[in-house]
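In: 3D model of this:
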Amino acid sequence: MTTATGDFESTVLVIGAGGRHGRTGSRVVEQLRERGRRVRVLLRADDDRAQRLRQDGIGVVIGDLQDRRTLDAAVEGVDAVYFAYPVGPGVVSAAANLAAALRKSDRTPHLVVMSMAASAAESPSGLGRAQWAAEEVFTWAGLEPTVLRIAALFYENILLLHAAEIRRSGRFANSFGNGKVPWISGRDAADLAAAALTDTARYPRGSTLYPQAPVALSHNEIAEVIATEIGRPIRYEHIPQQQWQTVLEDLARSDTSTTINIPMAQHISTIGETISQLDSTAGSAPNPAALTEAIGHPPMAFGEFVEAHRDQFTTVG
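Out: Numbers count the residues shown, from 1 in each chain. Modelled structure (predicted):
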């Protein structure tokens, strides 16, 4: 099988460039372009977004990870692949289809997988177990993935899960309790992935890495930061895991515009319950210096993130 060269003329396939949660894929595209890489993206629909990417000189292939037949053109001639799957069902079959297409193409590109800390065979989260299985599929296929199990939640989770409630009532609730949660911005996670795609010496094939978060905040502290930034009192409440899961499941069923889904509801509420039961000092200490070195700039603070998305936390109309 052909081995990726990794030079500046290499072609990188970005899977997940159309994702809305964290938007790591679109940021990865930008960073790769700045590094002189040719970029190809896999999109499911030939829509306005696809047209804009083409106008920017980015290769676009229309296909679906759940349909193996549509992936041959996407993987042809690629030297690196970024694989980020939505927090939802289907990651194992997606990984199997991508692996099969790469095997057929006789390519073994440098494959970087955006993973999650909950990825484990015995994870209490169904999505965590599925993510682990997907990574195993890549390994069994001989693709030697570089797996980034970022030990943090994205700041964007607060927007997705709680911004509407904060705008409406000035409060939000979940199952995390007083537990300290490691956090990272989607931007910084994407910059880490771009570094992994372009620096194979530092991020070798076949390695599973656990990058540490730049900050750890409880949800009470999250509420305080939001309140300071928007100038309005914000209150956090701890509710049981099953109650929050039910709230999210109801939202997934009733709001067709949300990216929240039923498996995600089980996943995040279970993670919250697990963290709520830990000692507040448990877990690895934040390491902003290591992340700064890896991505080449200081990581985004949560206050900066809130300021950049202030309108999504404030009352509309």
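In: which residue ranges form the strands in this protein?
Out: Using DSSP state E, the strands of the chain run over 2-3, 11-15, 38-43, 59-62, 80-83, 107-108, 110-114, 146-148, 153-154, 171-174, 181-184, 208-209, 215-217, 235-238.
In: right, and Val61 touches Ala74 too?
Out: Yes. Counting by CB atoms under 8 Å, Val61 does reach Ala74; the two are 4.3 Å apart. Where you see a C-beta, it was placed from the backbone N, CA and C, and this is true even at glycine.
In: average pLDDT across stretch 130-145?
Out: Averaged across stretch 130-145, the pLDDT comes to 97.
In: hmm, Val29 is touching Leu43, no?
Out: No. Shown here, Val29 and Leu43 do not form a contact pair, counting by CB under 8 Å, at 11.4 Å.
In: out of those two, which sits in the more crowded spot?
Out: For Val29 versus Leu43, the count of surrounding residues by other CB atoms under 10 Å is larger for Val29: 24 against 21.
In: what's that one in contact with, if anything?
Out: When the contact criterion is CB atoms under 8 Å, 6 or more residues apart in numbering, the partners of Val29 are Val14, Ala17, Val39, Val41, Leu53, Ile58.
In: quick one: which of those residues is most hemmed in?
Out: Ranked by the number of neighbours (other CB under 10 Å), the contacts of Val29 place Val14 first, at 30 neighbours.
In: from Asp48, how far off is that residue?
Out: The span separating Val14 from Asp48 equals 18 Å under the rule CB to CB, to the nearest Å.
In: got it, and Ala120?
Out: In terms of CB to CB, Ala120 sits 39 Å off from Asp48.
In: which of these two has more residues huddled nearby?
Out: Taking neighbours as other CB under 10 Å, Ala120 and Asp48 compare with Ala120 leading, 14 against 8.
In: contacts only, for that one.
Out: Listed by CB under 8 Å, 6+ apart, the contact set of Ala120 reads Gly128, Arg129, Trp132.
In: circling back: got the strands of the chain as CSV, with distance to Ala308 columns?
Out: Rendered in CSV, the data for these read as follows (distance: least, CB to CB, whole Å):
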stretch, distance to Ala308
strand 2-3, 40
strand 11-15, 23
strand 38-43, 24
strand 59-62, 28
strand 80-83, 24
strand 107-108, 38
strand 110-114, 21
strand 146-148, 23
strand 153-154, 14
strand 171-174, 19
strand 181-184, 15
strand 208-209, 27
strand 215-217, 16
strand 235-238, 21
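In: out of those, nearest to Thr314?
Out: Across the strands of the chain, the minimum distance to Thr314, taken as CB to CB, is reached by strand 171-174, at 14.1 Å.
In: one step back: among the contacts of Val29, which two are most distant?
Out: Farthest pair in those (CB to CB) is Val14 and Leu53. Separation: 10.0 Å.
In: list residues touching both of those two?
Out: The overlap between the contact sets of Val14 and Leu53 (CB under 8 Å, 6+ apart) consists of Val29, Val41.
In: residue ranges with poor pLDDT in the stretch 151-300 of the chain?
Out: Where the stretch 151-300 of the chain drops to pLDDT under 70, the residues are 279-284.
In: ok so, going back, figure out which of the strands of the chain is closest to Thr270.
Out: Each of the strands of the chain has some distance to Thr270 by CB to CB; the shortest is strand 171-174, at 11.5 Å.
In: run through who's touching the closest one.
Out: 161-162, 165-166, 219, 223, 234-239, 244, 247, 268-269, 272.
In: now with 7 Å?
Out: Contacts of strand 171-174 with the rest of the structure, by CB atoms under 7 Å, 6 or more residues apart in numbering, involve Leu161, His162, Glu165, Ile166, His219, Ile234, Arg235, Tyr236, Glu237, Ile239, Trp244, Gly272.
In: number of residues surrounding the third one?
Out: In terms of burial, Glu165 registers 15 neighbours under the definition other CB under 10 Å.
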